[in-house]
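Colleague: What shape does this take:
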Amino acid sequence: MIIKWRQACAVSLLLAQAASVDVLANQTFDAAGNVIGQADRDGAKSQQRINKLDDNTRALLDETRKVLAKAEQLALYNAQMATIIANQEAELESIQAQISTIDESEEGVLPLMQLMVEQLTADINAGAPFLSNERKTRVAILTDMLGRADVSVSEKFRRVLEALQIEVDYGRTIEAYSQKENTDNAPNMATAYNFLRIGRIALYRQTLDGNQAWLWFNDGWQPLGNVSGSANNQISLARRVAEQTVAPQLITLPLATPTTAHTTKTLNSKEGGQ
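Modeller: Okay, the predicted model is just below:
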């Protein structure tokens with residue numbers, strides 16, 4: 001009996017020890033699992049901090065690159081502005097030098113413009129009387145403008161040159177127009193005529209019905225005499241060319257020459273004698 005009891009005690013002791021070992025093993029495993037889990041959590045947190053630091057580093061790197069690019073752009077802009085400022089300073093010095101001599105310039109330009117307008121007036125009065133009202137009105141406006149203080153010298157000079165250019169252009173063009181002309185120097189006796197201008201070489205006058213034609217010569221209108229029939233046809237054709245209603249073509253017209261004037265005077269004398 002005693003042996004069996006001892007054996008039973010030994011078995012119980014072994015079972016108790018085995019249970020203790022299992023509990024200890026479980027506790028050790030749980031502790032190890034907790035340590036591993038905590039390590040994993042700590043590692044995840046560390047990785048998050050690393051990722052966050054990496055993102056911050058990348059953002060700072062991008063920002064640094066942008067700042068460097070902007071600094072380079074500003075450096076180029078400053079270099080360009082320095083060049084522009086230097087040019088502006090040089091131009092300012094030039095303008096100041098011009099301003100200092102503007103009084104001397106006006107002293108020379110104003111009399112020159114006056115002479116130009118006077119010469120223009122003399123040329124209009126001495127030449128063929130084409131568009132006389134328009135041209136004389138233009139000169140009158142210029143003469144009035146030269147005496148005005150509210151118009152700058154540069155504007156006056158521009159207007160005078162513009163008028164001279166218009167007069168120069170008359171010598172390179174042909175023109176057909178109609179206007180009234182007082183042939184008898186009597187009030188309210190103006191007659192409408194058709195006119196043809198060939199540059200500054202010749203000026204023709206023609207009745208509206210095309211039956212009579214004159215040529216300006218020696219400060220007066222000279223009738224074309226016995227050639228008026230063909231001359232009228234040619235003048236009418238030339239007027240249509242000037243008006244661009246027919247294509248340009250070769251046209252024969254009488255010109256103002258000493259022979260023309262002598263022939264015209266002779267014809268007039270014969271007609272008067274008859």
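Colleague: count of neighbours near residue 249?
Modeller: Residue 249: 9 surrounding residues under other C-beta atoms under 10 Å. For glycine as for every other residue, the C-beta is placed from the backbone atoms N, C-alpha and C.
Colleague: Look up which helix or strand the residue lying closest to it once chain neighbours are set aside falls in, please.
Modeller: Nearest residue to residue 249 in three dimensions, chain neighbours excluded: residue 241, at 6.8 Å (C-beta to C-beta, 6 or more residues apart in numbering). Per DSSP states H and E: residue 241 is located in helix 228-242.
Colleague: Contacts only, for the residue nearest to residue 249.
Modeller: 174, 247-249, 251 (C-beta atoms under 8 Å, 6 or more residues apart in numbering).
Colleague: Quick check: ChimeraX command selecting the buried ones in these.
Modeller: ChimeraX command restricting those to the buried ones, with burial defined by 16 or more other C-beta atoms under 10 Å:
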select :174
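Colleague: Secondary structure and distance to residue 160 added to the contacts of residue 241, as CSV?
Modeller: CSV is the format used below for the contacts of residue 241 (DSSP: H, G, I helix; E, B strand; the rest coil; distance: C-beta to C-beta, whole Å):
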residue, secondary structure, distance to residue 160
174, strand, 26
247, coil, 38
248, coil, 34
249, coil, 38
251, coil, 36
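Colleague: Find the pair from the contacts of residue 241 with maximum spatial separation.
Modeller: Distances among the contacts of residue 241 were taken as C-beta to C-beta; the most separated pair is 174 and 247, at 14.0 Å.
Colleague: so how many other residues sit close to residue 127?
Modeller: By other C-beta under 10 Å, the residues close to residue 127 number 16.
Colleague: can I assume it is in contact with residue 199?
Modeller: No - counting by C-beta atoms under 8 Å, residue 127 stays clear of residue 199, with 11.4 Å between them.
Colleague: shared neighbours, the two?
Modeller: Residues touching both residue 127 and residue 199 (C-beta under 8 Å, 6+ apart): none.
Colleague: Could you measure from residue 91 over to residue 98?
Modeller: Separation of residue 91 from residue 98 (C-beta to C-beta, to the nearest Å): 10 Å.
Colleague: just for the stretch 151-274 of the chain, where's the confidence low?
Modeller: Within the stretch 151-274 of the chain, the segments meeting pLDDT under 70 span 183-188, 225-229, 257-274.
Colleague: Which parts of it are helices?
Modeller: 153-170, 228-242, 258-273 (DSSP state H, counting those that start in this stretch).
Colleague: Report the buried residues of the shortest one.
Modeller: Right, the one you point to is helix 228-242. Neighbour counts over helix 228-242 (16+ other C-beta under 10 Å) mark 228, 231-232, 234-235, 237-239, 241-242 as buried.
Colleague: any chance of these in JSON lines, plus distance to residue 149?
Modeller: JSON lines is the format used below for these (distance: C-beta to C-beta, whole Å):
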{"residue": "228", "distance to residue 149": "54"}
{"residue": "231", "distance to residue 149": "52"}
{"residue": "232", "distance to residue 149": "53"}
{"residue": "234", "distance to residue 149": "52"}
{"residue": "235", "distance to residue 149": "48"}
{"residue": "237", "distance to residue 149": "52"}
{"residue": "238", "distance to residue 149": "47"}
{"residue": "239", "distance to residue 149": "45"}
{"residue": "241", "distance to residue 149": "47"}
{"residue": "242", "distance to residue 149": "42"}
